[in-house]
Structures are given as C-alpha cells and as structure tokens.
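**Student:** this one's structure only:
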C-alpha cells in the first residue's frame with residue numbers, strides 16, 4: 001500500500017533519486033479483513049518519507065526515520081488523556097445510526113446548522129428517541145436525499161457492490177490518490193533554515209475542520225511550521241479541538257464580511273501553503289478559488305480536501321469520515337446494529353497524505369521553481385481500503401495487546417484542563433518533533449502570523 005501511495009505522491013518526481021522510506025517498528029492492531037492499521041501506517045510513513053526527501057534535497061543527506069506502528073493506532077484513536085477531569089463527547093446526541101423502513105442511515109449533526117437541517121426534515125423532533133421513531137417511516141435513499149438537499153449531512157448504509165455501481169463510486173474509481181495541478185514557474189520564498197525544526201518559518205494557512213485537514217497541519221506544526229487556523233464565527237468542535245489545535249494559532253474570520261475578507265486576502269498573499277477542506281465550489285463562491293488565490297500569491301501551494309471526490313455527481317456533497325464509511329460499504333450491519341471501522345482512518349490517513357503532499361510540493365518548488373496544487377478526498381482512501389480488502393500480509397496482535405501508551409512526561413496545560421499527550425509516533429534523526437504551544441480554544445488568537453525568528 002505504501003508503494004501505491006508513493007507512486008501518486010511522486011507523480012512530478014522524475015529525478016530518479018532514491019526514495020527514502022522510514023523504518024516501521026512494532027505492529028498495528030487492526031489488519032483483519034479491512035487493513036485499517038496498514039492504511040494509517042502507510043500514510044504516516046508517506047508523510048515522514050516526504051520530509052526525508054525534502055531534507056535530502058535541502059541538506060544533502062537523508063535523515064534516518066522510524067514510525068511506530070502501534071503508536072499510529074493510538075494517535076488515530078485519541079492523543080490525549082485528561083488529568084482528573086472528563087473531556088466533552090466528540091459526538092452530538094443525534095449523531096448516530098438509525099434503522100429506516102428498508103435499511104440504515106447515519107446522521108452527522110455535530111455542527112448546529114447540520115443538526116437543524118436534519119431535524120427540520122424530520123419534523124423537528126427534540127430527542128434521539130423521537131428521531132428514531134420518525135426515521136423508521138422513511139426509505140433510506142429518500143431520507144438521505146432530503147437531508148442533503150436541506151443542507152444537512154447524512155449517508156445511507158450501502159453495500160460495497162452498490163457503491164461500485166453508484167455514479168459517484170464509478171467516478172471515484174478513476175481518480176488518483178492525489179490529483180496534481182502544475183502552475184507556471186514561481187520561485188519558492190521559504191528556505192529550510194533549521195535542521196532541528198525543518199519547517200520553521202513555513203507559513204501554513206489552515207482553513208480545515210474535522211478531522212483530516214487538522215491532522216495534516218498538526219503534523220506540519222510538529223516540525224516547526226507556523227500554522228494559522230481560521231474558523232468561521234459559528235463553528236464549534238470542542239470535542240476535537242483539544243486533539244487538533246496543539247501547536248497552532250487559532251483565529252476566526254467571517255468570509256462573508258468585507259473586512260474579514262480583506263484580512264483573509266492579506267493572509268493568502270503572505271502564506272506559503274493553503275490547506276482547505278471546503279467543498280469543491282465553496283471557496284470559488286467566496287472569491288477564493290485556486291485561480292483567485294494564485295492571482296494573489298503565484299507561489300502559493302494549495303492542498304484541497306473534500307469528502308466524496310473531485311469528479312462525479314457528489315463532488316460538492318458535504319461529508320465526513322463516518323458518512324463515507326457508510327456510503328462505500330466499509331461499515332456493515334452486524335448483530336442487529338451498524339459496526340464502523342475501529343477509528344476514523346479515512347480522516348487520519350488523508351490528513352497524513354495531505355501533509356506529505358504539501359512537503360512534496362515544497363521540494364518540487366524549491367528544485368524546479370514551479371508551484372503545485374493538489375486535491376485529495378476521504379472517499380479515495382476508502383477505495384484504497386476496499387482495493388486491499390483481505391490483504392493479510394502480517395498477523396497482528398489485538399489492539400489492546402500492542403505496546404502501551406507512551407505519553408509525554410510533562411502535563412500539557414490546555415484551555416480545557418491539563419492533559420497528557422502521546423509522544424509523536426515518528427522519530428527523525430536530528431529533528432525535534434513536537435509542539436511549542438498547548439491546545440486551545442478556536443478563535444482565541446488574532447488572525448496574524450507569528451513573528452519570524454530573524455525579525
């Protein structure tokens with residue numbers, strides 16, 4: 001799987017140079033019929049490999065690197081352990097699977113406007129039990145379509161063979177893991193100045209939310225990048241922010257507001273990388289599509305994410321990992337209920353691949369003076385899992401029997417309370433990987449870059 005991923009990541013790499021790969025230690029815990037751990041480990045390894053390639057290009061040598069397979073599993077399940085307090089649940093009380101008249105459907109209602117959309121279709125019930133009773137009267141496909149049309153997020157549970165014949169499934173099957181686009185020549189403004197913190201000085205504008213994009217920018221922040229996360233005024237995800245804001249600056253802008261749009265425009269002009277998870281048409285409508293951003297900043301590397309792929313009828317459909325699992329057949333009915341994958345591997349794998357994409361694009365820009373943009377989707381990683389379904393190259397121990405959780409010694413004083421955070425799951429020789437500020441609330445900082453060291 002690693003080789004398959006690397007081939008797509010390195011589509012613009014024709015140098016013939018040795019392709020570095022980190023050493024994998026330990027074992028992942030989830031590789032039964034669906035190779036969940038294999039995908040997570042391969043994706044994280046691809047991100048580390050991309051860093052090795054960049055260091056080789058800039059520093060003249062390939063640093064040794066190791067990825068801890070068991071630690072990757074732990075990171076994908078949750079990286080923090082609260083110290084004598086309880087964390088907020090990650091799921092809204094209506095976010096669950098429901099039995100319909102002829103099958104199952106998953107609602108995703110963590111965002112208030114998504115919750116309101118779904119409940120409006122169902123006659124505005126006030127409790128999950130009332131939602132359950134109402135949904136039993138619906139056909140799965142009809143309810144999915146109604147909620148999506150209302151601006152909500154839902155996915156009926158499909159069999160994999162149904163997904164393969166669905167128009168979106170057919171379109172996605174023709175997409176690469178990373179869809180690259182090359183822009184005219186433009187020199188790279190960023191320079192690798194610190195071998196210990198190789199991404200120091202790199203300005204990453206993060207317009208992503210749950211969870212893949214934040215995983216990507218968390219990885220870059222762990223290597224020293226200046227990550228500035230921007231959230232709209234009505235977005236809240238406290239259940240995930242404690243995982244994903246570590247090492248970042250977290251500000252808020254309303255891109256419908258004239259003054260905030262001007263601020264965002266200035267940030268684009270001074271950024272090196274833009275990572276965003278808006279639907280395919282959303283930033284275009286706001287005036288910040290790829291072409292508009294290139295006009296503002298010709299050297300801007302853009303890494304874009306959506307849920308269901310960049311071709312086909314669902315290109316602009318809202319979606320999340322849990323929904324894509326249901327749409328593609330990765331989740332299944334078992335023991336009179338829906339069983340999903342053991343963690344949100346589509347999010348985490350895509351996040352690591354987005355980080356790898358940004359690093360490959362940086363190296364290419366440094367070596368060739370040309371700017372790349374890239375598009376990835378959660379559903380394309382679902383295809384990877386389905387393509388490798390049944391692969392059992394390694395017999396792995398049960399998850400709980402793998403290596404014990406290894407937390408950092410010092411407590412991290414977050415805005416929610418003190419936590420212990422796992423040590424990074426990757427180790428690169430000579431590089432200090434970690435975060436220089438604790439997790440904190442969204443929109444708690446001003447929308448500005450940190451001062452550069454030389455300033």
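**Tutor:** Thanks, I have the structure now. Keep in mind that what you see is a predicted model, and the values were worked out from it rather than measured. Numbers count the residues shown, from 1 in each chain.
**Student:** Could I get the full set of helices for the stretch 251-400 of the chain?
**Tutor:** Ranges of helices within the stretch 251-400 of the chain are 258-270, 282-286, 290-296, 321-328, 345-368, 378-387, based on DSSP state H, counting those that start in this stretch.
**Student:** Hey, what's the angle from the fourth one to helix 378-387? Just curious.
**Tutor:** In other words, helix 321-328. 50 degrees (axes from the mean of the first three to the mean of the last three CA atoms, to 10 degrees).
**Student:** Helix 321-328 packs against which elements?
**Tutor:** Secondary-structure packing of helix 321-328 (3 or more CB pairs under 8 Å, 6 or more residues apart in numbering; DSSP states H and E): strand 104-107, strand 154-156, helix 160-165, helix 345-368, helix 378-387. C-beta coordinates here come from the backbone N, C-alpha and C atoms, glycine included.
**Student:** name the helices or strands packed onto the very next helix or strand once past the last one?
**Tutor:** Meaning helix 378-387. The first helix or strand that comes after helix 378-387 along the chain, using DSSP states H and E, is strand 412-413. Here strand 412-413 touches strand 418-421, going by 3+ CB pairs under 8 Å, 6+ apart.
**Student:** neighbouring contacts of the helix or strand that the strand it packs on is followed by?
**Tutor:** Sequence-wise, the next helix or strand downstream of strand 418-421 (DSSP H and E) is strand 426-428. Contact with strand 426-428 is made by 22, 44, 47-48, 51-52, 55, 63-68, 433, as judged by CB atoms under 8 Å, 6 or more residues apart in numbering.
**Student:** so what does the strand or helix carrying residue 205 touch, helix or strand wise?
**Tutor:** Assessed by DSSP H and E, residue 205 sits inside strand 203-207. When contacts are defined as 3+ CB pairs under 8 Å, 6+ apart, strand 203-207 packs onto helix 212-222, strand 226-231, helix 258-270, strand 273-276.
**Student:** Can you tell me the strand partners of it and which way each runs?
**Tutor:** strand 226-231 (parallel), strand 273-276 (parallel) (DSSP bridges).
**Student:** would JSON lines of those with mean neighbour count, mean pLDDT and distance to residue 29 be doable?
**Tutor:** Shown next, in JSON lines, are those (neighbours: other CB atoms under 10 Å; pLDDT from 0 to 100; distance: least, CB to CB, whole Å):
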{"stretch": "strand 226-231", "mean neighbour count": "24", "mean pLDDT": "97", "distance to residue 29": "29"}
{"stretch": "strand 273-276", "mean neighbour count": "25", "mean pLDDT": "96", "distance to residue 29": "29"}
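**Student:** Between these, which one is closest to residue 178.
**Tutor:** Closest of these to residue 178 is strand 273-276, at 13.5 Å (criterion: CB to CB).
**Student:** what sits up against the closest one?
**Tutor:** Contacts for strand 273-276 (CB under 8 Å, 6+ apart): 202-208, 213, 216-217, 220, 268, 283, 293, 300-305, 354, 358, 361-362.
**Student:** Go again with 7 Å.
**Tutor:** 202, 204-208, 213, 216-217, 268, 283, 293, 300-304, 354, 358 (CB atoms under 7 Å, 6 or more residues apart in numbering).
**Student:** what does stretch 85-105 give?
**Tutor:** 106-110, 115, 128, 131-132, 135-140, 143-144, 154-157, 238-240, 242, 333, 338, 417.
**Student:** Quick one: end-to-end distance for stretch 414-428.
**Tutor:** 26 Å (CA to CA, to the nearest Å).
**Student:** Spell out for me the PyMOL command that would select the buried members of the contacts of stretch 85-105.
**Tutor:** Only the buried entries of the contacts of stretch 85-105 go into this PyMOL selection, using 16 or more other CB atoms under 10 Å:
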select buried, resi 106+107+108+109+110+115+128+131+135+138+140+143+144+154+155+156+157+240+242+338+417
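**Student:** residue contacts, residue 354?
**Tutor:** 212, 213, 216, 275, 303, 305, 376.
**Student:** what about the second one, distance to residue 313?
**Tutor:** Separation of residue 213 from residue 313 (CB to CB, to the nearest Å): 24 Å.
**Student:** Looking at these two, which one has more neighbours?
**Tutor:** Counted by other CB atoms under 10 Å, residue 213 and residue 313 do not tie: residue 213 has more neighbours, with 27 against 11.
**Student:** Tell me the one of the contacts of strand 426-428 nearest residue 263?
**Tutor:** So of the contacts of strand 426-428, ranked by how close each gets to residue 263 (CB to CB), first place is residue 47, at 30.0 Å.
**Student:** Tell me if I'm right that the closest one and residue 349 touch.
**Tutor:** No - using CB atoms under 7 Å, residue 47 is not in contact with residue 349; the gap is 10.1 Å.
**Student:** what's the burial count for residue 451?
**Tutor:** 8.
**Student:** Can you report phi and psi for it?
**Tutor:** phi -60, psi 140 (degrees, to the nearest 10).
**Student:** if I look at it, how far off is residue 230?
**Tutor:** 19 Å.
**Student:** domains of the chain?
**Tutor:** When the chain is parsed with automatic domain parsing, its domains come out as 2-88+179-428, 97-167.
**Student:** out of the ones you listed, deepest packed?
**Tutor:** Scoring the domains of the chain by mean neighbour count under mean count of other CB atoms under 10 Å gives domain 2-88+179-428 as the most buried, with a mean of 20.
**Student:** tell me how far that one is from the chain's mean position?
**Tutor:** 5 Å (CA atoms, centre = their mean, to the nearest Å).
**Student:** and the end-to-end length of it?
**Tutor:** First-to-last distance for domain 2-88+179-428 - CA to CA - comes to 18 Å.
**Student:** I'd say residue 73 and residue 37 touch.
**Tutor:** Yes - with contact defined as CB under 7 Å, residue 73 reaches residue 37; the gap is 5.7 Å.
**Student:** one step back: weakest of the helices of the stretch 251-400 of the chain in terms of mean pLDDT?
**Tutor:** In terms of mean pLDDT, the lowest-scoring of the helices of the stretch 251-400 of the chain is helix 282-286 (a mean of 84).
**Student:** show me what contacts residue 279?
**Tutor:** Residue 279 neighbours (CB under 7 Å, 6+ apart): 306, 316, 318.
**Student:** Please name the bridge partners of the first one.
**Tutor:** Each beta-bridge partner of residue 306 is listed here, defined by DSSP bridges: residue 377.
**Student:** where does it land on pLDDT?
**Tutor:** For residue 306, the predicted pLDDT is 94.
**Student:** So it is in contact with residue 377, correct?
**Tutor:** Yes - under the criterion of CB under 7 Å, residue 306 makes contact with residue 377 at 5.3 Å.
**Student:** So what touches stretch 129-137?
**Tutor:** Residues contacting stretch 129-137 (CB under 7 Å, 6+ apart): 94, 98, 99, 100, 101, 105, 122, 123, 125, 143.
**Student:** Provide the partner residues of the third one in its beta bridges.
**Tutor:** Looking back up the chat, that one is residue 99. residue 104.
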